[in-house]
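[1] missing the sequence, but the structure's below:
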Ligand SMILES: O[C@H]1[C@H](O)[C@@H](O)[C@H](O)[C@@H](O)[C@H]1O
């Protein structure tokens with residue numbers, strides 16, 4: 001079994017110093033004490049008085065504080081920040097394309113097919129190359145993979161910014177996609193393996209904070225360069241070279257993951273790296289514990305054959321894989337990228353008619369996503385992964401329902417078509433059959449052309465869209481922006497409505513619920529739940545599931561909307577989130593504060609029984625010994641468990 005019984009005294013200098021005399025006052029005199037953590041959360045120390053427990057709790061808090069101060073050198077933060085640049089590039093490269101496309105399609109005269117290909121190629125390349133990332137990770141280690149990812153990002157950025165035509169653009173987008181795939185699975189693992197247990201959740205979550213930061217930066221850059229009609233897109237796409245180069249140079253100096261080094265038998269090097277990242281802490285115990293775990297894990301995992309096969313045939317890793325991939329799948333099925341992509345349209349529904357203003361305001365959506373991810377960084381070590389994810393997906397489910405209700409109300413009060421064009425070309429088109437705006441705008445071949453006077457709609461018609469650009473109609477008064485007189489508007493995929501505030505409220509609540517938990521936790525939890533021998537492959541599979549569902553959800557959205565209407569699509573996402581809640585409630589154990597080497601034990605029992613024994617609060621009896629004194633298990637560091 002992989003939960004280790006470490007058989008020696010602990011020598012945590014800081015703790016023993018602090019405990020010294022003060023501890024004698026509250027000790028019950030024995031070498032060991034039995035500390036019972038009841039599920040109610042109350043702690044009763046057998047034989048101790050209430051005053052003693054209170055003093056003990058004070059002492060524990062003080063010890064934990066000093067202990068943590070001692071063991072967290074700034075180097076770990078530097079390492080996490082440079083690694084998380086991979087997350088920044090993930091967010092930037094997936095976010096920047098929508099703004100760049102507005103300029104690109106005009107300048108290179110791109111057909112709708114080419115636009116779709118260029119938009120989805122990066123995510124598709126990431127999905128297809130996910131397993132490659134896992135393989136490279138196991139073979140060359142985390143550091144080389146991050147160097148490789150930043151190299152791909154940089155080369156991709158250069159190709160994109162200098163592209164002479166659409167074929168070169170496609171090549172650039174594919175190169176960036178491979179970088180994305182390697183970075184998205186390596187960075188969380190590298191940070192998790194280098195962090196001390198009490199900070200691991202927070203530092204890995206910083207990577208998702210950088211993803212959303214990248215998306216926000218991309219929307220600002222898109223807004224700023226949208227004024228540059230010629231070559232603006234070259235700057236938008238090319239600016240990713242800056243963080244790419246920065247990360248590459250940084251990683252020339254940063255160390256390999258100590259856990260990977262130990263696994264490869266490079267023990268001296270591993271000790272050096274551990275000392276470097278643990279500062280003044282004694283690393284012997286951590287080093288021994290990692291080494292023992294690796295040996296035991298390898299025995300436990302049994303058998304030969306490809307890692308994925310061994311993972312699937314060994315129950316704890318199989319269960320971990322189901323949980324990890326399930327989390328990533330539900331993250332995407334709850335529609336985050338559709339909501340982000342659709343935010344500009346939602347804003348247009350609320351009355352923002354100016355395209356540029358809509359681009360800038362869409363930046364507010366990415367900012368909200370970023371700010372609420374920051375809340376997740378703050379919460380992850382306080383409330384734990386399980387509660388955070390459960391609360392988040394429940395909120396996501398409810399706000400998606402609110403969004404759906406908003407769309408439903410808008411559909412039910414959809415404005416009628418009042419003018420039926422006489423032009424025979426228009427009269428013969430399918431668009432002329434629609435009597436209301438709702439079915440008209442849901443048909444991808446048609447759009448709604450109307451005049452607005454205050455809050456009254458006048459002379460509204462349903463007309464065919466221009467095949468080359470959805471920005472105007474094929475014929476009539478909405479066919480050319482110069483022809484569009486004051487207060488004449490072309491609504492391609494929305495209807496003017498007075499219920500847009502409900503949709504806007506749903507959007508904000510959605511981001512507030514999704515971003516702190518469902519955004520970062522799938523990445524954070526995947527970086528922790530696999531034993532070392534299975535970590536690269538497990539993360540590669542989970543990242544592959546994330547990218548695959550990302551592309552699936554984004555590509556099917558418009559078709560879904562056409563067949564189920566917008567509210568139908570959002571009710572569907574909401575029910576997916578509800579299913580996700582049930583899955584997470586049943587199957588996700590709490591991994592907070594445990595050593596990576598201990599986590600495998602959480603998957604030893606039957607899958608989907610976690611709801612019954614809720615997380616760390618259910619630990620019944622815990623013994624610990626610190627330098628012969630009694631000490632209550634720190635909530636923030638399971639490493640001192642004997
Ligand atoms: O965790 C991230 C994050 O939440 C992003 O905002 C989203 O676009 C990604 O698809 C997701 O994987």
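    Done, it's in. Quick caveat, the model's predicted, so the values are computed rather than measured.
[2] tell me the secondary structure for residue 606?
    Judged by DSSP: H, G, I helix; E, B strand; the rest coil, the three-state class of residue 606 is coil.
[3] Pull up the gap between it and residue 151, please.
    In this structure, residue 606 lies at 44 Å from residue 151, with CB to CB, to the nearest Å as the measure. C-beta coordinates here come from the backbone N, C-alpha and C atoms, glycine included.
[4] Quick one: name whatever helix or strand follows the helix or strand encompassing residue 402.
    Under DSSP states H and E, the secondary-structure element containing residue 402 is helix 385-412. Next helix or strand after helix 385-412 toward the C-terminus (DSSP H and E): helix 424-427.
[5] Buried residues of that next one, list them for me.
    By neighbour count with 16 or more other CB atoms under 10 Å, helix 424-427 contains the buried residues residue 426.
[6] Against which helices or strands is the helix or strand following that helix packed?
    Proceeding C-terminally, helix 424-427 gives way to helix 437-442 as the next helix or strand, assigned by DSSP H and E. Here helix 437-442 is seen to pack against strand 446-453, strand 456-464, helix 532-587 when contacts are counted using 3 or more CB pairs under 8 Å, 6 or more residues apart in numbering; DSSP states H and E.
[7] Direction-wise, compare the longest one with helix 385-412 and give the angle.
    For helix 532-587 against helix 385-412, the angle between stretch directions is 60 degrees (axes from the mean of the first three to the mean of the last three CA atoms, to 10 degrees).
[8] Can you pull out the low-pLDDT segments for the stretch 501-642 of the chain?
    Along the stretch 501-642 of the chain, the model assigns pLDDT under 70 to residues 607-642.
[9] Which residue does it have closest to the ligand?
    Here the stretch 501-642 of the chain gets closest to the ligand at one residue, residue 519, 3.1 Å apart by CB to the nearest ligand atom.
[10] residues near that residue, how many?
    For residue 519, the count of nearby residues is 27 (other CB atoms under 10 Å).
[11] Please apply the same query to residue 113.
    Each residue near residue 113 was counted by other CB under 10 Å, and the total is 8.
[12] where does the residue nearest to residue 503 when sequence neighbours are not counted sit relative to residue 567, distance-wise?
    Closest residue to residue 503 apart from its sequence neighbours, by CB to CB, 6 or more residues apart in numbering: residue 406 at 3.6 Å. According to CB to CB, residue 406 and residue 567 sit 8 Å apart.
[13] Which parts of the chain are strands?
    Using DSSP state E, the strands of the chain run over 33-37, 43-45, 446-453, 456-464, 488-491, 621-624.
[14] who's in contact with the third one?
    Read it as strand 446-453. With contacts defined as CB atoms under 8 Å, 6 or more residues apart in numbering, strand 446-453 is touched by 415, 417, 429-431, 434, 437, 440-441, 457-465, 470, 473, 476-478, 487-493, 495-496.
[15] So how do I select the buried members of these in PyMOL?
    Selecting just the buried residues from the contacts of strand 446-453 in PyMOL takes one command, with 16+ other CB under 10 Å as the test:
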select buried, resi 415+417+429+431+434+437+440+441+457+460+461+462+463+464+465+470+473+476+477+478+488+489+490+491+492+493+495+496
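[16] on that earlier part again, quick check: the residue of the stretch 501-642 of the chain closest to the ligand touching residue 210?
    No: between residue 519 and residue 210 no contact is recorded; they are 11.8 Å apart, counting by CB atoms under 8 Å.
[17] Flag every residue of the stretch 451-600 of the chain that's near the ligand.
    Proximity of the stretch 451-600 of the chain to the ligand is confined to 519, 520, 523, 546, 550 under the rule CB under 6 Å from any ligand atom.
[18] I'd like to know which residues of this structure are adjacent to the ligand.
    Within the chain, the positions near the ligand by CB under 6 Å from any ligand atom are 208, 211-212, 215, 331, 336-337, 369, 519-520, 523, 546, 550.
[19] circling back: of residue 406 and residue 567, who's got more company?
    residue 406 (25 against 21).
[20] Would you agree the more buried one is in contact with residue 510?
    No: taking CB under 8 Å as the contact criterion, residue 406 and residue 510 are not neighbours in contact, 10.8 Å apart.
[21] For the residue of the stretch 351-500 of the chain found nearest the ligand, give me the pLDDT.
    Distance from the ligand to each residue of the stretch 351-500 of the chain (CB to the nearest ligand atom) is smallest for residue 369, at 5.4 Å. Residue 369 is assigned 95 on the pLDDT scale.
[22] How many residues are close by it?
    The tally of other residues near residue 369 (other CB under 10 Å) stands at 25.
[23] would you list every one of the helices in the stretch 251-400 of the chain?
    258-263, 267-278, 284-301, 307-313, 315-333, 336-349, 355-383, 385-412 (DSSP state H, counting those that start in this stretch).
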